[in-house]
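In: Task: produce atomic coordinates for the following.
(3 chains)
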Amino acid sequence: MTIRNFRERVYDVVRRIPAGSVLAYGDVAAAAGSPRAARQVGYALAALDEGGRDKEGLDVPWQRVIRTTGHIAFQGDVVRGPLQRRMLEDEGVEFEDDRVPMKRFRWQPDLEDLG
DNA sequence: TCCATGACTCCGC
DNA sequence: CGCGGAGCCATGG
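Out: Numbers count the residues shown, from 1 in each chain, chains lettered A, B, ... in the order given. Below you'll find the model as predicted:
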């Protein structure tokens, strides 16, 4: 990782996740070039504005990033929790017992997309 | 430069 | 399975 900072790379990766698929924070961190920086991915997404846009005003589909367990990030948050779940369901992502079956919805990024 | 922060994970029990 | 604790490390002050 060099020129572009970690956050920008995170946003680029998240933008590549197709609707109907999800990625874990750790997956995004690895794709962004820092496998152990899962927490920083969350921090990067927290820096987005209310509309899910980055500093440049570009939209970032933050709802497609969830925990590796399949749980959405905002368990306990009565506002953002249900919001994220609804946004995902609108894209076709299904839930079983309050969690996404990662086996079926976890996106497998193409190596060529990471350049 | 040092230090606190935190939308996370892995591991042991 | 669930829980608690210890790593991890990019930011910003």
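
In: Spatially nearest residue to the residue in chain A positioned nearest to DNA strand B (excluding sequence neighbours)?
Out: Residue nearest to DNA strand B within chain A (C-beta to the nearest atom of the strand): A:Gly42, separated by 2.6 Å. Where C-beta positions appear, they are placed from N, C-alpha and C, glycine not excepted. Leaving aside its sequence neighbours, A:Gly42 sits nearest to A:Tyr25 (C-beta to C-beta, 6 or more residues apart in numbering; 5.6 Å).

In: Just the pLDDT for the one you found.
Out: pLDDT for A:Tyr25: 97.

In: right, and it touches A:Ile72 too?
Out: No. Assessed by C-beta atoms under 8 Å, A:Tyr25 is found out of contact with A:Ile72, at 11.5 Å.

In: Of these two, which one has the most company?
Out: A:Ile72 (25 against 22; other C-beta atoms under 10 Å).

In: so who does the more buried one touch?
Out: Counting by C-beta atoms under 8 Å, 6 or more residues apart in numbering, A:Ile72 makes contact with A:66, A:81, A:84-85, A:88, A:100.

In: how does it look with 6 Å?
Out: A:Ile72 sits next to A:66, A:84-85 when contact means C-beta atoms under 6 Å, 6 or more residues apart in numbering.

In: Of those, just the buried ones, ChimeraX syntax please.
Out: Per 16 or more other C-beta atoms under 10 Å, the buried members of these correspond to this ChimeraX selection:
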select /A:66,84,85
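
In: so which of the contacts of A:Ile72 also contact DNA strand B?
Out: With C-beta under 7 Å from any atom of the strand as the criterion, the contacts of A:Ile72 include A:Gln84 near DNA strand B.

In: In helices, which of the contacts of A:Ile72 appear?
Out: A:84-85 (DSSP state H).

In: Looking at the contacts of A:Ile72, which is nearest A:Pro109?
Out: Within these, proximity to A:Pro109 (C-beta to C-beta) peaks at A:Ile66, which comes in at 15.5 Å.
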